[in-house]
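1. predicted model and sequence follow; I will ask about them next.
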Amino acid sequence: MLDIESLAMRNGGPLLLDTDEAQKLVPVSRTTLWQLATDGKIRTVHIGRRRFFTYESICAFVENLGEAAADD
C-alpha cells in the first residue's frame with residue numbers, strides 16, 4: 001500500500017477523493033484519470049451529483065502497476 005501516513009489519510013482522513021486530490025496520488029492529467037475510471041481500473045462512487053475516487057482503488061491501481069512492471 002501507499003504510505004498513507006505522509007498523505008494524512010489515517011485516523012479519520014478521507015476515503016473518497018475528488019479529482020484534484022486523486023491527481024496528487026496519481027500524477028496524471030484529469031482526462032487520463034477519468035479514462036482510468038471509465039476503463040474500470042480505478043473505482044469511483046456517486047454521492048448525490050458528485051463522483052469520487054476511492055482511496056482503496058487508487059492504492060490497488062498503483063500496486064498493480066508495480067506488479068506489471070515486475071512481470072516484464
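-> Everything's here; your move. Numbering: from 1, shown residues only.
2. what residues of stretch 55-62 count as buried?
-> Tyr55, Ser57, Ile58, Phe61 (16 or more other Cβ atoms under 10 Å). Any C-beta I mention is one placed from the backbone N, CA and C, and that applies to glycine too.
3. repeat that for stretch 23-37.
-> So, applying 16+ other Cβ under 10 Å, buried residues of stretch 23-37: Gln23, Leu25, Val26, Leu33, Trp34, Leu36, Ala37.
4. measure that stretch end to end?
-> Taking Cα to Cα, to the nearest Å, stretch 23-37 runs 13 Å from one end to the other.
5. what's near enough to touch Glu56?
-> By Cβ atoms under 8 Å, 6 or more residues apart in numbering, the residues touching Glu56 are Leu15, Arg43.
6. what helix or strand does it sit in?
-> Using DSSP states H and E, Glu56 falls within helix 55-71.
7. circling back to that earlier point, from the buried residues of stretch 23-37, pick the one nearest Val45.
-> Ala37 (10.4 Å; Cβ to Cβ).
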